[in-house]
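Asks: what shape does this take:
(2 chains)
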Amino acid sequence: MKTKNNTCGGLYTKKVLETFKNPHNYGKIKNADGIGKVGNIVCGDVMWLYIKVERKPAFAKGFGEAREIIKNIKFETFGCVAAISTSSIITDLVKGKTIKEALKITKDNVIESLGGLPKIKYHCSVLAVDALVEAIYDYFLKNKKLIPADVEKKHNIIQKSKDIIEKRYEKWNK
Amino acid sequence: MKRIYLDYAATTPVDPRVSKTMEPFLSENFGNTMSLHSFGQEAKIVLEESREKLAGVINANPNEIIFTSSATESNNLALKGSALASKKGHIIISSIEHHCVVESAKWLAKNGFEITEISVDKFGKVNPEDIKKAITEKTILVSVIHASNEIGTIQPITEIGKICKEKNVLFHTDASQSFGKILIDVKKMNIDLLTASSHKIYGPKGAGLLYIREGINIAPLLHGGGQENGLRSSTVNVGAIAGFAAAAEIYKKEGKKENQKLIKLRDKLIKELLKIKGSHLNGDPKKRLPNNVNVRFDFVEGESLVIQLDMHGIACSTGSACSSATLEPSHVLLATGLKPEQAHGSLRITLGRWTTEKDINYLLKVLPKIVKKIREISPFK
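Replies: Reported below is the predicted structural model:
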């Protein structure tokens, strides 16, 4: 057959395909400070996000506040091209940011960073943001921190679909 | 990068010998088969010769062949045409039909017809006894796909046909994937209606046929100039039909030898793929199309697999519908009892006329590495 440039996935942007081909920060973090596990009940994608947080004290007593920086972040994802790409890109967006800053990241930031996603795959960007919220929630919980009301609210919504997906993957998820 | 096409069940390239046959029909022999002058009559002769050739492949009479634009149209005509001809009644289909049969049946259900879906076993096979039990006094038609487009399973068509004949119920089979790959004899197999497609057998797109056994009354879906015995009005696409016939003739001559080659490659591929840890074969291990391989890998999602393979120059498809318009996994794989996550990890590899052992070896070299990489990313291990 004739040689031609590879045009795979006309569905996806170049950035999505590049990210999918060479995803950043995949794998586990041992002794993670927070783990977010989410899944999409319709398409079956599953995303796990691990974060390692470093606490930096205030510059001096009375000057600025203590900061919590996400020093390391990794993902494990079972899913389509879009799910893997959004997982990778959210780790890039979050790494080095404070928890406060990370919580401001939206699905649109994820989509934009990938140069766009097909509409039918928007839910993958939601999944990535949900995984992040869950990882941070888990961090708050483990460290007995006050959980902001909006994070609590998001967590409750995510939890509902998570229960369904966990049941589905029971056998694999040992 | 060299590209390897292993998606022959989706569509096939036109055989160069077929293209050559079709050449004169654009600007030279362009007549309308309904015209009385020589231009029209020349086209008409080609049309009737093509009909004869295609009828010969399935042991039908030429007047029992109606040309359509596609297998989708043929299946629509078979289901809706026989339903509309009897005004009301009960129709039986299998749970692994192509979307065009499923959707036609759904449409008929909305319009007052009763539909029963017969389930399949883990290999995707229909038990003829289940059909027998499902037939009622109201049943007008049974439609069962001859060979699955996804998992390649070949159905016991002859037995199902026999039951339908005994019960005096029409029997339709969608042979889009089997026509031009396995022998079909409509008389021996007791088939009343049969769908076949040109672009699956190295013919052009835009041509299909419906075999309608003589004496069967079905209603047309397209009304107009009364072409195709009044069953399919539209100016006839002579060039595509001539190509379809030429493609079928090539199969008749070379099919046996070609199948031997395909079966050898298929079996080698299956054997080697099943050596990958956590891999499983979908469909029947024995009763399957000579060119179909369908496997799944635990903890691996299909779209990722297909796109990774494409990045390596290999074109296959997935049982996961994640890459298409819907997110739900394939109804065919679910019907065989697979869980959604298993169906999502399925890979369909379909071989064809130009597949070589070298292609298979290349795939076998690349695929295990891709599976390994996707598993590394996956939380399930």
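Asks: please count neighbours and contacts with C-alpha atoms only from this point.
Replies: Noted.
Asks: buried stuff in the lengthiest helix in chain B?
Replies: Longest helix of chain B, by residue count under DSSP state H: helix B:238-273. Using 16 or more other Cα atoms under 10 Å in any protein chain shown as the test for burial, helix B:238-273 gives B:238-252, B:255, B:258-259, B:261-263, B:265-267, B:269-270, B:273.
Asks: can you narrow the residues you listed to ones near chain A?
Replies: Residues of these in contact with chain A (Cα under 8 Å from any Cα of the partner chain): none.
Asks: which ones are touching the one residue sitting closest to the centre of chain A?
Replies: Closest to where the C-alpha atoms of chain A average out (Cα atoms, centre = their mean) is A:A128, at 3.7 Å. By Cα atoms under 8 Å, 6 or more residues apart in numbering or on different chains, the residues touching A:A128 are A:47, A:83, A:86-87, A:90, A:107.
Asks: and A:T106, by the same measure?
Replies: Shown in contact with A:T106 (Cα under 8 Å, 6+ apart): A:V129.
Asks: mind showing which ranges of the chain have poor pLDDT?
Replies: All of this refers to chain A. A:1-10, A:60-62, A:171-174 (pLDDT under 70).
Asks: my bad, chain B
Replies: Residues of chain B meeting the criterion pLDDT under 70: B:319-327.
Asks: repeat that for 90
Replies: Applying pLDDT under 90 to chain B picks out residues B:1-2, B:299, B:302-303, B:318-330, B:339-345, B:380-381.
Asks: can you give me the strands in it?
Replies: Per DSSP state E, chain B carries strands over the ranges B:4-5, B:65-68, B:90-94, B:114-118, B:139-143, B:170-174, B:193-197, B:208-212, B:279-281, B:292-297, B:314-315, B:317-318, B:346-350.
Asks: before we move on, what about chain A?
Replies: For chain A, the strands defined by DSSP E occupy A:34-39, A:46-56, A:67-78.
Asks: quick check: which of the ones you listed is nearest to chain B?
Replies: strand A:67-78 (4.6 Å; Cα to the nearest Cα).
Asks: mind listing residues that contact the closest one?
Replies: With contacts defined as Cα under 8 Å, 6+ apart, strand A:67-78 is touched by A:25-29, A:45-58, A:83-84, A:87-88, A:91, A:94-99, B:299-301, B:377-380.
Asks: show me those that map onto helices.
Replies: When DSSP H defines the helices, the subset of those inside them is A:83-84, A:87-88, A:91, A:94, A:99, B:377.
Asks: ok, those residues vs A:D150, which is closest?
Replies: A:I99 (13.9 Å; Cα to Cα).
Asks: that closest one: neighbour count?
Replies: Applying other Cα atoms under 10 Å in any protein chain shown, we find 18 residues neighbouring A:I99.
Asks: what's the neighbour count on A:N143?
Replies: By other Cα under 10 Å, the residues close to A:N143 number 11.
Asks: got it, and B:A78?
Replies: By other Cα under 10 Å, neighbour count at B:A78 equals 30.
Asks: now it: how far from chain A?
Replies: From B:A78 across to chain A, the span is 33 Å (Cα to the nearest Cα, to the nearest Å).
Asks: export the strands of chain A to TSV and tack on mean neighbour count?
Replies: Listed next are those as TSV, based on neighbours: other Cα atoms under 10 Å in any protein chain shown:
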stretch	mean neighbour count
strand A:34-39	25
strand A:46-56	23
strand A:67-78	23
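Asks: tabulate these in TSV, adding columns for distance to A:K144.
Replies: As requested, the strands of chain A are exported to TSV (distance: least, Cα to Cα, whole Å):
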stretch	distance to A:K144
strand A:34-39	12
strand A:46-56	14
strand A:67-78	14
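Asks: give the contact list for the nearest residue to B:G124 once chain neighbours are set aside.
Replies: Sequence neighbours aside, B:T336 is the residue nearest to B:G124 in space, at 5.3 Å (criterion: Cα to Cα, 6 or more residues apart in numbering or on different chains). Neighbour list for B:T336: B:120-124 [criterion: Cα under 8 Å, 6+ apart].
Asks: phi, psi for the nearest residue to B:G112 once chain neighbours are set aside please.
Replies: Using Cα to Cα, 6+ apart and skipping the chain neighbours, the partner closest in space to B:G112 is B:K88 (7.0 Å). Dihedral angles of B:K88 (phi, psi; degrees, to the nearest 10) stand at phi -150, psi 170.
Asks: neighbours of B:K88, just the number please.
Replies: 17.
Asks: tell me how far it lies from B:S82.
Replies: From B:K88 across to B:S82, the span is 10 Å (Cα to Cα, to the nearest Å).
Asks: just the endpoints, please. Distance across stretch B:152-160?
Replies: Taking Cα to Cα as the measure, stretch B:152-160 stretches 18 Å from start to finish.
Asks: what's it in contact with?
Replies: Stretch B:152-160 is contacted by residues B:123-128, B:131, B:144-148, B:173, B:188-191, B:283-284, B:287-289, B:292-294 when judged by Cα under 8 Å, 6+ apart.
Asks: in helices, which of those residues appear?
Replies: Counted as lying in helices by DSSP H, out of the contacts of stretch B:152-160, are B:128, B:131.
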